[in-house]
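Asks: Build me a model from this:
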Amino acid sequence: MANFLKAFLASPILLGAAFAGSAVAAETTETFSVDALSNPESIQLAQVTSVSELSDVLPSDWAYTALQRLVEEYGCLEGYPDRSFRGNRALTRYEFAAGLNACLDVIVQLIGGGDDLDTIRRLQEEFAAELATIRGRVDTLEADVAELEANQFSTTTKLKGQLDAHLVIPFDVEGELEDQDEVTFEYRGRLNLDTSFTGEDRLRTRLQFGDSINSANGIPGNLARDGGGGNNVVINDLYYSFPIGSRVSAIVAANDIVSDDFVTSTIVPFDGPAVADYGGPQFYDQLGVGGDSLGVGLNISLTDNIILDLGYATGRGQDATKGVFDEYEYIAQLNFLTDGLIDAAVTYMDGESGDGNGEEAIIAGLLSLDFGGFVLGGYYADQDGDDSYQFGAAIPSLLGGGAAGVYYAEDFDDDSVIEGYYSAKINKYWTLTPAVIYGDPDGGGNDSLYGVIRSTFNF
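Replies: Numbering: from 1, shown residues only. As a prediction, this is how the structure comes out:
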């Protein structure tokens, strides 16, 4: 088999060096008649046994080694009757055929008298079924790829969707269904068109629709994933995010980007799995003056674990009488993120409302302690002497990929929420999250209790 491969690999040398006429050996004077040159088939090429027999091939020529191997190792190089090689002249079809025939004769001799060819044939027969199966799979893959390429709506854009539906059951504190509040159902749908031009950037256009009736009105902040009312389709997000070098990423937005959209992490483990809005840090939404227009932000990786987030959002950029500096909020957050015990951050927020009055600045600290499957987390925020805070415990992975948690949260106006939830991953497309939520919307004992089942489909 080794001799067969050596002879086979010699063929490109034969074609490229011996018969392509690209060798730069010294040219000798032609000794053939005009009739012989006009009828190359009348020239009988002569087999040589040593490259030294070729009078116009010198050891200094760049192809000398290739020609030497073809002659001395494989014996399939022929010269002209006058013992010249003529490496600079063009190759005729007759000469090519003669040289190719000589090397094929060598290949036949190398494999004809051994067991290599029989071994190859036996292996082909033994694995015929497997080879046929692989061939069939390749054909199927080629057909699938061709169909996908023919039917994809874009080579740069992916469509992703999410549908959240809530069944809301109000109870009084004794656990009986309140007569004045009925069981309700609401939903929110999102379609994200994510476009990438470089593989590392993202242009997102989000269409959102829903029918939110503020059914859990006894809960401060209501539900985390409500979607407005009237089943109207709106552009909820329009932004472009992109890297600047290896340590900095940027975002430029046209609407609905504020506060926690600029930060690398909100730290607390309840933000996302929780059903009530207060599962996420409430202070991010306290200023409420940006998000209707321009938003710009940077995420700067100072080290692998320390990240600085900066963001600026305005609410009046489309108003001809107001500009992007008339109503705004900004945020700076310094994060310490690890794969171990501690994730933490400190946050500073400030802004100015549309009437020109400055908002009181907010200073906050966030902390999450991961003890290996059991996480304690929360935050504390101060705004001109008023405080807002959250604390609780979560199990990020429970019973086949589910998540559970319980927390207490209070805002700057003493509104408070207690929630316990369990997020069960039914399959890769469907998540079901039952929750019990207790709310005290004014801190004055006007408490309420809700049972909520959230169903989430991702596609």
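Asks: In terms of helices and strands, where is the residue lying closest to Asn236 once chain neighbours are set aside?
Replies: Excluding its sequence neighbours, the residue lying closest to Asn236 (CB to CB, 6 or more residues apart in numbering) is Gln208, at 3.6 Å. Every C-beta, even on glycine, is put in place using the N, C-alpha and C of the backbone. Following DSSP states H and E, one finds Gln208 within strand 202-211.
Asks: Buried residues in the host helix or strand of Ala345, which are they?
Replies: Using DSSP H and E, Ala345 maps to strand 342-352. Within strand 342-352, the residues that count as buried by 16 or more other CB atoms under 10 Å are Asp343, Ala344, Ala345, Thr347, Met349, Asp350, Gly351, Glu352.
Asks: Now do the strand holding Gln208: everything it contacts.
Replies: Residues from elsewhere that reach strand 202-211 (CB atoms under 8 Å, 6 or more residues apart in numbering): 186-197, 226-242.
Asks: Just the buried ones from the residues you listed?
Replies: The neighbour count (16+ other CB under 10 Å) marks 186-193, 226-227, 236-242 as buried among the contacts of strand 202-211.
Asks: what's the strand holding Ala345 in contact with?
Replies: 259, 263, 265, 267, 283-284, 286-287, 289-290, 326-337, 358-359, 361-370, 381.
Asks: now, which of those residues lie within strands?
Replies: Among the contacts of strand 342-352, the residues falling in strands (DSSP state E) are 328-336, 362-370, 381.
Asks: Tell me where the model's unsure across the chain.
Replies: Scanning the chain for pLDDT under 70 picks out 1-47, 111-117, 172-181, 228-229, 316-322, 354-358, 442-446.
Asks: how about the helices in it?
Replies: 2-13, 34-38, 64-72, 93-112, 116-126, 128-151 (DSSP state H).
Asks: what helices or strands is the third one leaning on?
Replies: Meaning helix 64-72. Judged by 3 or more CB pairs under 8 Å, 6 or more residues apart in numbering; DSSP states H and E, the packing partners of helix 64-72 are helix 2-13.
Asks: rerun at 10 Å
Replies: Judged by 3 or more CB pairs under 10 Å, 6 or more residues apart in numbering; DSSP states H and E, the packing partners of helix 64-72 are helix 2-13, strand 78-79, helix 93-112.
Asks: for the fifth one, same thing?
Replies: Contacting helix 116-126 under the criterion 3+ CB pairs under 10 Å, 6+ apart are the following elements: helix 2-13, helix 93-112.
Asks: Grab the nearest non-local neighbour of Asp386.
Replies: Nearest non-adjacent residue to Asp386, counting by CB to CB, 6+ apart: Phe412, 4.4 Å away.
Asks: Check Gln68 too.
Replies: Once flanking residues are discounted, Gln68 sits nearest to Val51: 4.5 Å by CB to CB, 6+ apart.
Asks: So the one you found sits against Gly87, correct?
Replies: No: judged on CB atoms under 10 Å, Val51 makes no contact with Gly87 at a distance of 11.8 Å.
Asks: shared neighbours, those two?
Replies: Counting by CB atoms under 10 Å, 6 or more residues apart in numbering, the residues touching both Val51 and Gly87 are Val57, Asp61, Leu67.
Asks: neighbours of Asp339, just the number please.
Replies: Neighbours of Asp339 under the rule other CB atoms under 10 Å: 7.
Asks: Would you map out the domains in the chain?
Replies: The record's domain split for the chain, according to automatic domain parsing, is 2-114, 153-458.
Asks: Point out the most buried one among these.
Replies: domain 153-458 (a mean of 17; mean count of other CB atoms under 10 Å).
Asks: For that domain, measure first residue to last.
Replies: In domain 153-458, first residue to last residue: 20 Å (CA to CA, to the nearest Å).
Asks: ok, now stretch 74-90?
Replies: Stretch 74-90 end-to-end distance (CA to CA) = 24 Å.
Asks: same deal with stretch 237-251?
Replies: Span of stretch 237-251 from end to end, CA to CA: 12 Å.
Asks: Can you give me every residue that contacts Ile235?
Replies: Contacts were defined as CB under 10 Å, 6+ apart; by that measure Ile235 touches Thr205, Arg206, Leu207, Gln208, Ala254, Asn255, Asp256.
Asks: The last one against Arg190, yeah?
Replies: Spelled out, it's Asp256. No: judged on CB under 10 Å, Asp256 makes no contact with Arg190 at a distance of 11.7 Å.
Asks: Quickly list what's touching both of the two.
Replies: Jointly contacting Asp256 and Arg190 under the rule CB under 10 Å, 6+ apart are Arg206, Gln208, Asn236, Asp237.
Asks: how about the strands in the stretch 351-459 of the chain?
Replies: 362-370, 375-383, 386-398, 402-410, 416-425, 430-440, 448-458 (DSSP state E, counting those that start in this stretch).
Asks: helices or strands next to the last one in the packing?
Replies: Right, strand 448-458. Here strand 448-458 touches strand 157-171, strand 184-195, strand 416-425, strand 430-440, going by 3+ CB pairs under 10 Å, 6+ apart.
Asks: do that again at 6 Å, thanks
Replies: Where contact means 3 or more CB pairs under 6 Å, 6 or more residues apart in numbering; DSSP states H and E, strand 448-458 is packed against strand 157-171, strand 430-440.
Asks: can you list contacts of that strand?
Replies: Applying CB atoms under 6 Å, 6 or more residues apart in numbering, the external contacts of strand 448-458 come out as 162-171, 173, 216, 218, 275, 429-439.
Asks: let's go with 8 Å and repeat that
Replies: So strand 448-458 is contacted by 160-173, 175, 216, 218-219, 223, 225, 275, 428-441 (CB under 8 Å, 6+ apart).
Asks: One more: the fifth one?
Replies: Applying CB under 8 Å, 6+ apart, the external contacts of strand 416-425 come out as 219-221, 270, 273-276, 278-279, 398-410, 431-440, 443.
Asks: can you rerun that using 6 Å?
Replies: 220, 273-276, 278, 401-406, 408-410, 431-433, 435-440.
Asks: Repeat that for the longest one.
Replies: Identification of contacts with strand 386-398 by CB under 6 Å, 6+ apart yields 269, 282-283, 375-376, 378-381, 403-407, 409-412.
Asks: report the angle between the axes of it and strand 416-425?
Replies: 20 degrees (axes from the mean of the first three to the mean of the last three CA atoms, to 10 degrees).
Asks: Now do strand 386-398 and strand 375-383, the angle between them.
Replies: Going by the same axes, to 10 degrees, strand 386-398 makes 160 degrees with strand 375-383.
Asks: Direction-wise, compare strand 386-398 with strand 362-370 and give the angle.
Replies: 20 degrees.
Asks: swap in the last one?
Replies: The directions of strand 448-458 and strand 362-370 differ by 70 degrees, with the same axes, to 10 degrees as the criterion.
Asks: now swap in the fourth one and tell me
Replies: Between the direction of strand 402-410 and that of strand 362-370, the angle (the same axes, to 10 degrees) works out to 150 degrees.
Asks: Also the second one?
Replies: Here strand 375-383 points in a direction 170 degrees away from that of strand 362-370 (the same axes, to 10 degrees).
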